[in-house]
Structure formats: C-alpha cells, structure tokens
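Peer 1: take this sequence and fold it.
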Amino acid sequence: MGNNFYVPGFLVSVANAGIKGSEKEDMALIYSETPAVVAGTFTRNQVKAAPVILTARRIKSGLAQAIIVNSGNANACTGLQGKKDAQEMTALVARGLNIPDQLVLVCSTGVIGQPLPMDKVKKGIDQLLKNLTPKGWKEAAKAIMTTDTFPKLVYKEGEIKGIPFKLLGIAKGAGMIRPDMATMLAFFATDIAISPTLLQPLFKEVVSASFNRISVDGDTSTNDTALILANGRAQNPGKTREDFAPFAACLYEAATALAKMIAKDGEGASKLVEVVIQGARSIKEADQIAMTIANSPLVKTAIYGEDANWGRIMAAIGRAGVEIHPEKIDIYFGDICVVKNGLGQGERAEKEAHIYLKNKEVLLKIDLKLGKATTTWYTCDLTEEYIRINATYRS
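Peer 2: Prediction:
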C-alpha cells in the first residue's frame, strides 16, 4: 500500500543524505503545489527541539506549503546553532521551490544533543527537490523511520455534500511514546477546502482521541509533531463544523489506525494491547486509569509473560489518582472474567486467560461501575528487546 495512492496537488520525495550513516533514505519532503491551510499539535515536553519551536511559530499564520523532514538526528538541545540549522533547512527548500520561507515547516527525529551534519543535509535537500512525485508516500513513510520496524501509512476517501475528497497520512514512532500530544511524527495531506479556524480545533480533537491514547514506554519526546495540510483542491462546500463531520470522522479513523500501528510497533513489542475502561464517571477519569495501566511496567511485563496477574492491574487502578470502589470492579482478558466485584474468579479463569494471552492482540477490559463514560487506549507489552534497543540506541 502507498505507491498507488496520492492526493491531488501534493508531491513528495525522499533522499539518502547519510545522516544515519547507512544506505537507507533519511530525508523526506512533502510539497503542496499551492499554499495549504495548516494545523498542528506539538510535544508538551518543556525541552523542545529547534524544529518544533520554529514550526509551531510558523503554523500560527494558518498557511504552509512544504514540510522538510530528517531522521537520524533530532536537532534537539543544540542551542543557537540548532535554531540556525532548522531555519537554513527551510530556507534551502523555499529557494528551491520558489516559495516564501515562512511557508516551509521543518521536523527532525533521532538522537538528541548532536549538531545536524548540515553538509549532508544540504545534499539531501538537493536530491529531494529533484525527485518530487505524486506517489512516493510509502517511501516517505520509510524515510522518517528511526527504530520503527515497518512504515506507517493510511489512505482514506470520503465525501462532503457529494464532493469527494482524499486523505493520506504517514507517521513514525516506536519508542519515547506517551500521550502528551502526539508522541511521534505524523503528517496528513488532504485536498479538502477548509478554513484554519475550523481545521485547528478539529485536528486537536482528533489527536486527543487517537495519538493521545497510546503509550509504549511512558516517555515523551522533545520532537513530537503532528501536522495536516489541506490544499482545497476538492473545492467542496462547507462553512460550519457540522458540514465537515464526514471529514472529521475520516481523519479520526486515519489517525487511530496510525496510532494503533505505533503501539503495535512499540520497541521490542510482541503484543498489541487494547485497554478499555468502562463505567467511569467521566472521560477524564477513564483516561487517567487507562493511561496508568498502559504505562505500568508490571502490567506490560505480565502480558509479555502471558501471566494473567490481575493484581497488578488492580494496583495500577488504585494508584491512578481517581476515586474508585474496589469492590465493584470487574476485569476481563478478552471475554474471560478474572475479577468480579473486586474478587478473583479462581484458578480456572486464570488458566483460560493465560491461553488467551498467547494472542498477538490482547483486549484488557475493566468495568468500574461508577458511571457511563468509556475510553479506549492502545499499548504494547514490555520485553527484553526493548531494553536491548534502548541500551544500544547511540551505539
């Protein structure tokens, strides 16, 4: 999937600049042939990379036309030189495309604290400018990968009042993943016509309900960025939020699909875990409990070991900072009830759950019986491979 799909008015390219010191592509360029409406969300980590600071400032205009991305180097904690390098990357792209600097956004991902090898980056940008094509999205998804094991791409089509539109998204992320914005890099391109005042709040809501409900290891990055460009080629009608409900649903589906891919591809992960909290007083409280479970190393290692150790889940619920009634709680692995009204259901239930936990995709469902609010989060198990990857990340 990827090479047969495109969004009218968008071009994309990749290059091997040698930033990673390998033969793999490590730079990508996304270009809208006309200025596009832009929206974005960024890391809430107080340590922000130079590209995040620059891009967050530029999208306030509501318009953008290009996104330049490199992997292998985060350009974070690099001081004044890092800011100059981020600006130079956008200036080189702007000059090559003959568009204003202010319409070029920049994103980086990789090792923190090392200066960008700008000689390599400049050569990469030269390649990118020469290789733009409508159908290079799968290659772009590969080029932005770091510890990812597969490219993450999704394509959707829909209609607004009978007018068709296209939506394409790519993302990277496998480690330093915790919901505190978008916890990765994600880029969406669409041909819908929409105003900045509608797109930004809509995009923020979608991010909160998708990328903000995944966790791999509880760490947030310095570079997390999610951006969407809408170039208006579809020439669809619509002036109110209600008019764009079909697009909002489509974008939510696309973002959720990418979010699940990130959780599934968690560093060293062997299982995708869906955490469903039911019967909470509010979505906020449900999210708080789901996040605590999703971030618990004890829960994640138990699932890796295919151990139905529901005591770890109860303990995580109890320390989530939400008032609960332990004697009301039910816990399920798939359809297997291991806890009913706060009490374990015995050895037979746990043996059945142990067999269920051999699956590659696991559902963990908790009913608090306190209200009507429900939430769904995605996480993964925690394995020895996660330690190996992160112990040797800079080696």
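
Peer 1: end to end on stretch 263-276, go ahead and measure it.
Peer 2: With C-alpha to C-alpha, to the nearest Å as the measure, the first residue of stretch 263-276 is 15 Å from its last.

Peer 1: quick one: buried residues of that stretch?
Peer 2: Neighbour-count burial for stretch 263-276 flags 263-269, 271-276 (criterion: 16 or more other C-beta atoms under 10 Å). Every C-beta, even on glycine, is put in place using the N, C-alpha and C of the backbone.

Peer 1: mind listing what's buried along stretch 309-316?
Peer 2: Neighbour-count burial for stretch 309-316 [16+ other C-beta under 10 Å]: 309, 310, 312, 313, 314, 315, 316.

Peer 1: mind putting those into TSV with secondary structure, pLDDT and distance to residue 201?
Peer 2: As requested, those are arranged in TSV below (DSSP: H, G, I helix; E, B strand; the rest coil; pLDDT from 0 to 100; distance: C-beta to C-beta, whole Å):
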residue	secondary structure	pLDDT	distance to residue 201
309	coil	96	41
310	helix	97	39
312	helix	97	38
313	helix	98	35
314	helix	98	38
315	helix	97	37
316	helix	97	32
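
Peer 1: what is the nearest of the buried residues of stretch 263-276 to residue 389?
Peer 2: When the buried residues of stretch 263-276 are compared for distance to residue 389 (C-beta to C-beta), residue 267 wins out at 4.7 Å.

Peer 1: give me the phi and psi for that closest one.
Peer 2: Main-chain torsions, residue 267, degrees, to the nearest 10: phi -50, psi 120.

Peer 1: I figured it hits residue 390, correct?
Peer 2: Yes. If you go by C-beta atoms under 8 Å, residue 267 and residue 390 touch, sitting 6.7 Å apart.

Peer 1: hmm, back to that, for the buried residues of stretch 263-276, which one is nearest residue 53?
Peer 2: residue 267 (26.6 Å).

Peer 1: on that earlier part again, mind checking which of the buried residues of stretch 263-276 land in strands?
Peer 2: Among these, the ones falling in strands (DSSP state E) are 272, 273, 274, 275, 276.

Peer 1: now do the SS call for residue 6.
Peer 2: Classification of residue 6 using DSSP: H, G, I helix; E, B strand; the rest coil returns coil.

Peer 1: what sits against it?
Peer 2: Residue 6 sits next to 134, 135, 137, 166, 168 when contact means C-beta atoms under 8 Å, 6 or more residues apart in numbering.

Peer 1: determine how far the helix or strand where the last one lies lies from the middle of the whole chain.
Peer 2: Element membership for residue 168 (DSSP states H and E) is strand 163-172. Here the centre of strand 163-172 is set off from its chain's centre by 15 Å, with C-alpha atoms, centre = their mean, to the nearest Å.

Peer 1: same question for stretch 162-170.
Peer 2: Worked out by C-alpha atoms, centre = their mean, stretch 162-170 lies 19 Å from the chain centre.

Peer 1: one more: stretch 39-51?
Peer 2: 13 Å.

Peer 1: before we move on, what about stretch 158-174?
Peer 2: The chain centroid and the centroid of stretch 158-174 are separated by 15 Å, computed with C-alpha atoms, centre = their mean.

Peer 1: and if you look at stretch 302-309?
Peer 2: 26 Å.

Peer 1: which other residues reach that stretch?
Peer 2: Contacts for stretch 302-309 (C-beta under 8 Å, 6+ apart): 270-271, 273, 298, 312, 333, 338, 349-350, 353-354, 356-358, 362, 364, 381-383.

Peer 1: picking up where we left off before, which positions in the strand holding residue 168 come out as buried?
Peer 2: Neighbour-count burial for strand 163-172 [16+ other C-beta under 10 Å]: 165, 166, 167, 168, 169, 170, 171, 172.

Peer 1: quick one: which of the residues you listed is nearest to residue 255?
Peer 2: Checking these against residue 255 with C-beta to C-beta, the nearest one is residue 169 at 7.0 Å.

Peer 1: name the nearest residue to that closest one, ignoring sequence neighbours.
Peer 2: Distance criterion C-beta to C-beta, 6 or more residues apart in numbering; nearest residue to residue 169, sequence neighbours excluded, is residue 188 at 4.4 Å.

Peer 1: for that neighbour, give the beta-bridge partners.
Peer 2: Beta-bridge partners recorded for residue 188 (DSSP bridges): residue 169, residue 228.

Peer 1: and if you look at residue 155?
Peer 2: According to DSSP bridges, beta-bridge pairing links residue 155 with residue 168.

Peer 1: my guess is it contacts residue 5. True?
Peer 2: Yes. Using C-beta under 8 Å, residue 155 is in contact with residue 5, at 4.4 Å.

Peer 1: what touches both of the two?
Peer 2: 166, 168.

Peer 1: tell me where the chain has strands.
Peer 2: So, for the chain - with DSSP E - the strands run 10-15, 27-42, 63-73, 104-111, 152-160, 163-172, 185-190, 225-230, 272-280, 330-333, 336-340, 343-344, 361-367, 373-380.

Peer 1: which of those strands sits closest to residue 50?
Peer 2: The nearest among the strands of the chain, by C-beta to C-beta, is strand 104-111 at 7.8 Å.

Peer 1: so for the closest one, what gets flagged as buried?
Peer 2: Buried-residue list, strand 104-111, by 16+ other C-beta under 10 Å: 104, 105, 106, 107, 108, 109, 110.
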